[in-house]
Structure formats: C-alpha cells, structure tokens
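**Student:** Fold the following and give me the result.
(one chain, ligands or ions: 1)
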Amino acid sequence: MSGQVTAITAESPRSRERSASLEARANAVIPGGVNSPVRAFKAVGGGPVYMRRGAGCYVEDVDGNRYIDYLGSWGPLILGHAHPAVVAAVQEAAADGTSFGAPTEREVLLAEKISAAMPSLEQLRLVSSGTEACMSALRVARAFTGRSKILKFDGCYHGHADSLLVQAGSGAITFGVPDSAGVSAAVAGETISVPYNDLDSVRSAFAAYGADIAAIIVEPIAANMGVIPPAPGFLAGLREITAAAGAMLIFDEVVSGFRYSYGGAQGVFGIVPDLTTLGKVVGGGLPLAAYGGRRDIMAVLAPNGPAYQAGTLSGNPVATAAGLATLQVLAEQQPYAELERLATKLGDGLTVAANEAGVPLQVSQVGSMMTAFFSETRPTDYTTAMLADRTRYAAYFRAMLERGVYLAPSQFEAGFVSTAHTDDVIEQTIALAREALTA
Ligand code: PMP
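**Tutor:** Next up is the predicted model:
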C-alpha cells in the first residue's frame, strides 16, 4: 500500500465476498473459523472481515475496503500499522536469522529498557504472550509465598490459563462462559473472584482466606469489561492489604503498560507492585510479552531457583526488534498527552452525537483507551458494565463498519487511539458516528 489508505464512505462499494469465502474455508479447518474467539463477530453479528494490510490508522480488507482502525490489533499498535521504524527493525532482524534458542543482545537491551521505564521490574523474563506472562507470574507468586490461592476481579481478563478463567472478561463475557469448560473444579477452587473497585470484598476475602492467598492479580485500569478506571484509593488499598497479608500484588499491565504512560499505570498512580505482566505494546505488534518484579521474588525461577518456566521462542530476535523499535519511538516522542487529547476529542464528540440522537451513551476513557458504553450510567465494575445494551452496540458496530470504521467487535472491549490518528481522522469518525447513531 503506498502511503495512507483512505477510509471508505457510505457510498463506496462494500462487497465482502472474499472475506465470506475465506470464512467458509476457515470454518472447515479452524474451530469457529478463527484463532481467537472474539474475532468471529459472534457478539455483533455478521462474518469477520479478513484483513490484508494496514498503514497508519487504516486497515484494508481482502476485498479492498478500507477502514479507520480503532482496534489497533487489540492494543499493541500504539504507533499505528506498519510504522516505518518498526518495519525496518523487523526486516533487519529477520535477515539475520529468526530464532537461535540461545541468548541474543536484543533481549538484554529490551529487558534493560523495560526495567528503566518501570523500576519495579528489577528483573524480568520475556515470553511470547500475555497469557504466558500472567500464568508465569502466578507461578512465581505461589513459589515465593508457598501459598496456593489467588484473588482476581470479576470481568478482569488475564489470559486463558486455567486458574484465570474464572469470572473472566473479554471474550469470556460475550460468550457467556465465564467459567470455561475444561477447567477443573480443583483449579478453579484456588481462584477467588470479587467485584472490581470494591475494597471491602477484598478485605472480606483476606479475612477468610488470607493465610492461603499468594497474590492479587489486577488490571490497574480494567480493559476487558470495557474500559473502567480504578476508583480513587482502590489500587493503594490493594497495595496495603497485600503488604499486610504477605501476599504478592501483581499488576497486569498487558494493556496499560507503555500505553497509558511510558511507565505504565503504576507510574501514573504511583503504586509499586511486587510483580508486573506486560504484553501488547511492549512487543510492537509481534508475539512478545514479559513479566517481572522484585529481584528476590524473581530469584525463585530456574535455573537459579525451583520454579520452572521456559520458552522455545522466548525473547525471539524479530519480536525483540519490534519491541525495541516501538519503545524507542515512544521514549523519544512521549506521545501520551497528545494521544489523550485525541481520545478525549473523540469521546467528547461521541457524547455530543449520542445526546443529539437521544441515545444513552457513556464514554469511559483513560488516556488513549476507551469504551463507549450504551448505558444510562457510567459502569464501575462488572455488574454495572453488564447493564450496557449489547444489541444497540451491535447495531452501532455494524453501522460504523459499513461507514469504514473498524471498532472492537464487542461492547465489552477497549478501543485504542494511536499516534497515527489525526484531528481530521477523529473529526471524520465523529461525523460517521453521528450518522451511525441515527441510522
Ligand atoms: N492480560 C490482559 C489485561 C489482556 O487484555 C490480555 C489480552 N487481551 C491478556 C492478559 C492476555 O494476553 P494474550 O492475548 O497475549 O495472551
């Protein structure tokens, strides 16, 4: 694609024949036709759109339709699609060999960069997905404390490891399977799930099980039941409770790390967790994630300690190149205030458009992450998030798709603004939303 791709308009031809034909073939060989459930569009209706390329804030599907993209690959693409610095780094790295199974310099550089950005990660391990990062962080917490239970929050998603698929968010919400089949009762029984933003429930859980709780794992900014900010004092309360009980506090910053600020949510809120998980932005759009924390805690890991965790492609040369290039651009540009300004402009525009259309809409935004909830009141936890009108969201999603705007295919997901979005693009999006809300 040469340069910028422009959005389709309501007048453009919108055949999705090739997508439909790929979907039919996919259904024969891939369960549900997709390699990750939310991609199947079950929550919004219609078939998935198969993408073939992206540039900046635009994506183009296999039929040649173009969309302004607010999915950003579910968060990683803070610099937009095919950022030249990232593409160049990936090409250069790939030309030198794609995997060695032996240590490489970029792993050290990336670990140093992450640790410098988030000093709570005195030591860290690179892995290949957020799921792996969260699963491994829990193992470390259990190994360090010698305890077995973990506490999480309803509607928070930390990947699909068995013990974390309890009252989980993201696809688990819209699929109506908060507890996945295939997770044993024994494993699920080690997980306590309580409402987000509710310190009293956390205190009660610790009163009952405190001596057995290895860790609290929390999204410091919830993004998997739609975006929900932490209430004032919530994160500080978790820090106090865990410190008093000798439990680990794990911040899952897979979404917020290098997204809300260069130092993550922990930098902005001034809370020092014991362990942190990272993914998405840190891998610049390639399969890379990380987990780390206090040196004495990470010392439990093999080869130094008794807790095992490994990976054939961990710290992969191409993925570390993409991560390093992305962090380099972010460190130099520090685009966070500008991203927030653009996201606020979009949120304000959507709010005005919804008011004009007489549609109840609550824009919940933190930095460049946002969810427009079709609700009368702003959600603060899973129960209140579930009050949003999914049918209305589905209609809005489809009307936006027809107008060339690609949103998350579920009400309970985050949308992301990237450095490639401009004022013009935001204004165009608001104008299209105005049409979509009255369609
Ligand atoms: N934690 C959070 C907060 C996430 O949003 C996600 C994925 N959306 C994960 C963990 C799991 O990451 P992955 O999909 O890379 O396994």
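**Student:** where are the low-confidence patches of this protein?
**Tutor:** 1-13, 171-179 (pLDDT under 70).
**Student:** Which residues of it lie near the ligand?
**Tutor:** 74, 129-131, 134, 157-159, 170, 219, 223-224, 252, 254-255, 279, 289 (Cβ under 6 Å from any ligand atom). Where C-beta positions appear, they are placed from N, C-alpha and C, glycine not excepted.
**Student:** Report the residue ranges of every domain in the chain.
**Tutor:** Following automatic domain parsing, one finds the domains of the chain at 17-69+335-437, 84-333.
**Student:** Next, format those as JSON lines and append distance to Ile78.
**Tutor:** Formatted as JSON lines, those follow (distance: least, Cβ to Cβ, whole Å):
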{"stretch": "domain 17-69+335-437", "distance to Ile78": "6"}
{"stretch": "domain 84-333", "distance to Ile78": "5"}
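**Student:** Could you list the buried residues of the one helix or strand Ala322 maps to?
**Tutor:** Ala322 belongs to helix 317-333 when assigned by DSSP states H and E. Neighbour-count burial for helix 317-333, counted by 16 or more other Cβ atoms under 10 Å, picks out 317-330.
**Student:** Look up how far Pro37 lies from the residue of the stretch 1-150 of the chain found nearest the ligand.
**Tutor:** Closest residue of the stretch 1-150 of the chain to the ligand, Cβ to the nearest ligand atom: Gly130 (2.1 Å). Distance, Gly130 to Pro37, by Cβ to Cβ, to the nearest Å: 15 Å.
**Student:** And for Tyr291?
**Tutor:** Counting by Cβ to Cβ, the gap from Tyr291 to Pro37 is 24 Å.
**Student:** Then Gly263?
**Tutor:** 32 Å.
**Student:** do Asp348 as well
**Tutor:** Using Cβ to Cβ, Asp348 is found at 33 Å from Pro37.
**Student:** So for these two, which sits in the more crowded spot?
**Tutor:** Under the criterion of other Cβ atoms under 10 Å, the comparison of Asp348 against Pro37 puts Pro37 first, with 18 against 14.
**Student:** And that one, its phi and psi?
**Tutor:** Torsion angles at Pro37 (phi, psi; degrees, to the nearest 10) stand at phi -60, psi -40.
**Student:** Now do the helix or strand encompassing Ala205: distance to the chain's middle.
**Tutor:** Using DSSP H and E, Ala205 sits in helix 199-209. The chain centroid and the centroid of helix 199-209 are separated by 27 Å under Cα atoms, centre = their mean, to the nearest Å.
**Student:** Tell me which helix or strand the residue nearest to Ala82 when sequence neighbours are not counted sits in.
**Tutor:** If the residues on either side of it in the chain are set aside, Ala82 comes closest to Ala55, at 5.3 Å by Cβ to Cβ, 6 or more residues apart in numbering. Ala55 is part of strand 51-55, with elements assigned from DSSP H and E.
**Student:** How much space separates Ala214 from Ser129?
**Tutor:** As judged by Cβ to Cβ, Ala214 and Ser129 stand 22 Å apart.
**Student:** who has more neighbours, these two?
**Tutor:** Ala214 (24 against 18).
**Student:** State the distance from the more buried one to Ile250.
**Tutor:** From Ala214 to Ile250 the distance is 9 Å (Cβ to Cβ).
**Student:** okay, and the common contacts of the two?
**Tutor:** Residues touching both Ala214 and Ile250 by Cβ atoms under 8 Å, 6 or more residues apart in numbering: 138, 141.
**Student:** Just give me the neighbour total for the residue of the stretch 301-439 of the chain found nearest the ligand.
**Tutor:** At 8.1 Å from the ligand, Ala414 is the closest residue in the stretch 301-439 of the chain, using Cβ to the nearest ligand atom. Neighbours of Ala414 under the rule other Cβ under 10 Å: 29.
**Student:** My guess is it contacts Gly72. True?
**Tutor:** No - with contact defined as Cβ atoms under 8 Å, Ala414 does not reach Gly72; the gap is 9.2 Å.
**Student:** Please name the nearest non-neighbouring residue to the residue of the stretch 1-150 of the chain closest to the ligand.
**Tutor:** Gly279 is the one closest to Gly130 (Cβ to Cβ, 6+ apart), at 3.4 Å.
**Student:** Would you show me how to pick out the buried ones of the residues of the chain next to the ligand in PyMOL?
**Tutor:** The following PyMOL line selects those of these that are buried, judged by 16+ other Cβ under 10 Å:
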select buried, resi 74+129+130+131+134+157+158+159+170+219+223+224+252+254+255+279+289
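**Student:** Pro287 should be in a strand, yeah?
**Tutor:** No - Pro287 is assigned coil when assessed by DSSP: H, G, I helix; E, B strand; the rest coil, not a strand.
**Student:** so who does it touch?
**Tutor:** 128-129, 313, 316, 319.
**Student:** looking at it, the residue nearest to Ala82 is touching Pro84, isn't it?
**Tutor:** No - Ala55 is beyond contact range of Pro84, at 10.2 Å (criterion: Cβ under 8 Å).
**Student:** So between the two, which is more surrounded?
**Tutor:** Neighbours of Ala55 and Pro84, each counted by other Cβ under 10 Å, are more numerous for Ala55; the result is 19 against 10.
**Student:** Quick check: phi and psi at the residue nearest to Ser256 when sequence neighbours are not counted.
**Tutor:** Spatially, and ignoring its direct neighbours in sequence, Ser256 is nearest to Ala265 (4.2 Å; Cβ to Cβ, 6+ apart). Note on Ala265: its backbone torsions stand at phi -70, psi -40 [degrees, to the nearest 10].
**Student:** And the helices in the stretch 201-350 of the chain, which stretches?
**Tutor:** All helices of the stretch 201-350 of the chain, identified by DSSP state H, counting those that start in this stretch, fall at 234-245, 264-269, 295-298, 317-333, 336-357.
**Student:** out of these, nearest to Ser115?
**Tutor:** helix 295-298 (10.3 Å; Cβ to Cβ).
**Student:** list the helices and strands that closest one packs on?
**Tutor:** For helix 295-298, the packing partners by 3 or more Cβ pairs under 8 Å, 6 or more residues apart in numbering; DSSP states H and E come out as strand 123-127, helix 130-145.
**Student:** can you list the residues that contact it?
**Tutor:** By Cβ under 8 Å, 6+ apart, helix 295-298 touches 122-125, 140-141, 144, 248, 274-275, 292.
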